[in-house]
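>>> fold the following and give me the result.
(chains A and B)
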Protein chains: 2
Amino acid sequence: MADRNAVVLLSGGLDSAVALAICRADGFTPYALTVDYGQRNRHEIEAARLVAQTMQVARHIVLPVDLTLWGGSALTADEDVPTGRSTDAMGSDIPVTYVPARNTIMLSVAMAWAEVLNTGDVFIGAHTLDYSGYPDCRPEYFRAFEKMANLATRIGVEESTRFRIHAPLLDMSKTEIVRQGADLEVPMALTSSCYQPVEGLVACGECDACILRKRAFEEAGIADPTEYAEQ
Amino acid sequence: MADRNAVVLLSGGLDSAVALAICRADGFTPYALTVDYGQRNRHEIEAARLVAQTMQVARHIVLPVDLTLWGGSALTADEDVPTGRSTDAMGSDIPVTYVPARNTIMLSVAMAWAEVLNTGDVFIGAHTLDYSGYPDCRPEYFRAFEKMANLATRIGVEESTRFRIHAPLLDMSKTEIVRQGADLEVPMALTSSCYQPVEGLVACGECDACILRKRAFEEAGIADPTEYAEQ
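Numbers count the residues shown, from 1 in each chain, chains lettered A, B, ... in the order given. Below is the predicted model of the structure:
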């Protein structure tokens, strides 16, 4: 039995499932938190439930925070997500799939639950490589969040329970994440990365997320368990 | 017509209604955001709707974020709130009515909406006096939040749209807030401060919040429009 609790943000995607496995491998008891912000990929939430159950977390909470009320992202509104692009074309600009303040909102609710669990350890599967371009995935952002969190809370003033955001995938490529997932026996077949799945677990195979995921399995030399729509 | 948008966190209480009036007096077009975090005082949400409507905000959104899922506060769980205490007895410790990460969660969702409205201006009715004792009402916390928010977002990198948390009541006493509310013609009768209202608008008259509110109206020399239960 691990002697320290941690909250893990679990999206239903591949990255956060690997972050959860690392959290456990690091000796924490994981509590998984999924924020249902109204993402178009409704299967993500179900994927998160399956991953949490299979990986036997201490508790899994799905918290609705409906960010579709004000729109502002291709992931929550009826804008098109980009498809059929080469990885070179993805560039380094902030993409249309950026959701304003998403990581801040997810970390804030994780921080609330962590404080109730009397821990400051929060895991997130963010990474900066592979063309993500999201400002709220940068190391300096996470450091600023920690500083703010320690000023905001009852537990932040105690050295033993200070907030620490663990982003173990931050400097990994998607290929390294897949390799790590295989090493830690993450149930990767249950995870969902696609921005616009055709039906349930069946991924479109054409959006940026699918293209990056496919390439990562190829480069890692690991059979891709994902079911893609026929093209 | 004001030329700049601002998001105002509107709780249904007295303080945030006064903050909304100051926001408008400062020349902003106010968009009001109420976070329904599962507070025991269910009338607060209805009070927020009435205040938003009466004060004619550009738009009012009530966003549910259910913090009762993990408990941790007398305001969201079945712990008792303190009643019948003198203001001296309230002390400066963090009170049981502290809700873990509440201000951070509210500011995070306000930040998301603000970014969609292409503004960095967010108003909050927090104040540090009158025995609040909440760590997330301190000026250094708000400065740390701004720094984090500017690193997190698309608009934070632009000087003209940098995040700024306006907490105009921060150094005011409750008495000064009541005076300011009267000066700006805030519909204070519609606001609800009580931690455990007897029924709808009828306040208990005994909890810390009622005691501070009563005293503020008395000291300001303004007739208290609140309906208190007979004792």
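
>>> can you check which strand is longest in chain A?
strand A:28-36 (DSSP state E).

>>> what lies in contact with that one?
If you take C-beta atoms under 8 Å, 6 or more residues apart in numbering or on different chains as the criterion, strand A:28-36 is touched by A:1-12, A:20, A:23-24, A:45, A:48-49, A:51-52, A:55, A:57-65, A:105-106, A:109-110, A:113, A:117, A:121, A:123. For every residue, glycine as well, the C-beta is placed using N, CA and C.

>>> which among those residues count as buried?
Judged by neighbour count, with 16 or more other C-beta atoms under 10 Å in any protein chain shown as the criterion, the buried members of these are A:5-12, A:20, A:23-24, A:45, A:48-49, A:51-52, A:55, A:57, A:59-63, A:65, A:105-106, A:109-110, A:113, A:117, A:121, A:123.

>>> check those residues against chain B, which are close?
With the criterion set as C-beta under 8 Å from any C-beta of the partner chain, the members of these near chain B are A:61, A:63, A:65, A:105, A:109, A:113, A:117.

>>> partner residues bridging the first one?
The residues paired with residue A:61 through beta bridges, assigned by DSSP bridges, are residue A:33.

>>> all helices for chain A, in order.
Counting by DSSP state H, chain A forms helices over residues A:14-25, A:43-54, A:102-116, A:139-152, A:174-183, A:208-220, given from the N-terminal end onward.

>>> now do the residue lying closest to residue A:179 once chain neighbours are set aside against residue B:106, distance only.
For residue A:179, the nearest residue in space outside its immediate sequence neighbours is residue A:220; the separation is 4.9 Å by C-beta to C-beta, 6 or more residues apart in numbering or on different chains. Plainly put, residue A:220 is 42 Å away from residue B:106 if you go by C-beta to C-beta, to the nearest Å.

>>> pLDDT weak spots in chain A?
A:1-2, A:75, A:77-96, A:129-132, A:231 (pLDDT under 70).

>>> surely residue A:63 and residue B:65 touch.
Yes - contact status for residue A:63 versus residue B:65: in contact at 7.2 Å, counting by C-beta atoms under 8 Å.

>>> shared neighbours, the two?
The contact sets of residue A:63 and residue B:65 overlap at residue A:109 (C-beta under 8 Å, 6+ apart).

>>> winner for burial among the helices of chain A?
Among these, the stretch with the highest mean neighbour count (mean count of other C-beta atoms under 10 Å in any protein chain shown) is helix A:102-116, at a mean of 26.

>>> got the angle between the longest strand of chain A and helix A:14-25?
For strand A:28-36 against helix A:14-25, the angle between stretch directions is 160 degrees (axes from the mean of the first three to the mean of the last three C-alpha atoms, to 10 degrees).

>>> next one: strand A:28-36 to chain centre, how far?
Counting by C-alpha atoms, centre = their mean, to the nearest Å, strand A:28-36 is centred 11 Å from the centre of its parent chain.

>>> that one versus helix A:43-54: what angle between them?
Strand A:28-36 and helix A:43-54 meet at an angle of 160 degrees, taking the same axes, to 10 degrees as the criterion.

>>> by how many degrees do strand A:28-36 and helix A:102-116 diverge?
Angle, strand A:28-36 to helix A:102-116, by the same axes, to 10 degrees: 130 degrees.

>>> output strand A:28-36 in CSV with nothing but the alpha carbons.
Coordinates of each C-alpha in strand A:28-36 appear next as CSV, following Å, rounded to 0.1, in the frame of the first residue of the first chain:
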residue,chain,number,x,y,z
PHE,A,28,1.5,7.0,-5.0
THR,A,29,-2.0,5.9,-4.4
PRO,A,30,-3.8,7.3,-7.5
TYR,A,31,-7.2,9.1,-7.4
ALA,A,32,-8.4,9.7,-10.9
LEU,A,33,-10.2,12.9,-11.9
THR,A,34,-11.9,13.3,-15.3
VAL,A,35,-13.2,16.7,-16.3
ASP,A,36,-16.1,16.5,-18.7
